[in-house]
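Participant: what follows is a predicted structure for the sequence shown.
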Amino acid sequence: MDAQGNVEYLARLRQRIQNEGPPRVAYAMAREFHEELTEETLTRYSHKRETQTPSPPGGPPALVGGHLRRSVRLYAASRTGPYTAESRVRPMIVYARIQEMGGTIRAHGKALHWVSGGIDFFAKSVTLPKRPYMAPTHRTVIVNGRMRRAAVAEMRSVVTDG
């Protein structure tokens with residue numbers, strides 16, 4: 001390849017990196033977070049329905065039926081600027097936020113009702129402790145290098161695919 005060919009090749013490579021790189025890298029990083037969250041964090045503890053959770057306060061919620069884990073969605077990347085993109089991972093079930101942040105649930109009718117160990121319980125309100133799972137998992141995939149490795153591998157693929 002002559003000098004002009006090199007210049008043209010590098011211009012095409014720059015364009016491909018700029019066009020394809022940010023969304024592909026953002027999605028690859030989000031995919032790693034989603035996998036860690038659904039395959040590791042949200043399966044760490046489990047218990048049967050109507051039994052007390054083995055999840056310690058401050059730990060992720062324990063798996064019962066898997067609804068929270070199955071509700072976690074990974075969204076395609078979208079551009080946020082000329083050289084940036086984002087992809088989202090979010091749980092879509094109604095109780096996801098209160099599990100992460102903790103808080104008080106108040107009855108809208110006469111009382112809340114649940115069964116534990118075969119015993120019926122009723123209350124005007126129940127306070128749930130924080131059982132964070134999103135923020136700690138995000139920290140984990142950053143600290144253990146999983147997100148960085150995904151970003152590097154995806155960018156390498158962008159550069160070498162064309």
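Facilitator: Here it is on my side, so go on. Numbers count the residues shown, from 1 in each chain.
Participant: what's the longest helix in the chain?
Facilitator: For the chain, the longest helix by residue count, based on DSSP state H, is helix 3-39.
Participant: now it: buried residues?
Facilitator: Neighbour-count burial for helix 3-39, with 16 or more other C-beta atoms under 10 Å as criterion, is recorded at 20-34, 36-38. The C-beta positions use only the backbone N, C-alpha and C, and glycine is treated the same way.
Participant: quick one, helices of the protein?
Facilitator: Counting by DSSP H, the helices of the chain are 3-39, 67-71, 96-101, 134-143, 146-161.
Participant: make a markdown table from these and add distance to residue 48 and mean pLDDT to it.
Facilitator: Putting the helices of the chain into a markdown table (distance: least, C-beta to C-beta, whole Å; pLDDT from 0 to 100) gives the following:
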| stretch | distance to residue 48 | mean pLDDT |
| --- | --- | --- |
| helix 3-39 | 21 | 94 |
| helix 67-71 | 15 | 97 |
| helix 96-101 | 18 | 96 |
| helix 134-143 | 24 | 97 |
| helix 146-161 | 31 | 95 |
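Participant: kindly reformat those helices as TSV containing distance to residue 121.
Facilitator: Supplementary listing: the helices of the chain in TSV, determined by distance: least, C-beta to C-beta, whole Å:
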stretch	distance to residue 121
helix 3-39	30
helix 67-71	21
helix 96-101	18
helix 134-143	28
helix 146-161	40
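Participant: for those, which one sits closest to residue 115?
Facilitator: helix 67-71 (17.1 Å; C-beta to C-beta).
Participant: mind listing what's buried in the closest one?
Facilitator: By neighbour count, and taking 16+ other C-beta under 10 Å as the criterion, the buried residues in helix 67-71 are 68-69, 71.
Participant: could you single out the nearest of those residues to residue 83?
Facilitator: Distances from residue 83 to these, taken by C-beta to C-beta, are shortest for residue 71, at 32.2 Å.
Participant: skipping adjacent residues, who's closest to the closest one in space?
Facilitator: For residue 71, the nearest residue in space outside its immediate sequence neighbours is residue 93; the separation is 3.9 Å by C-beta to C-beta, 6 or more residues apart in numbering.
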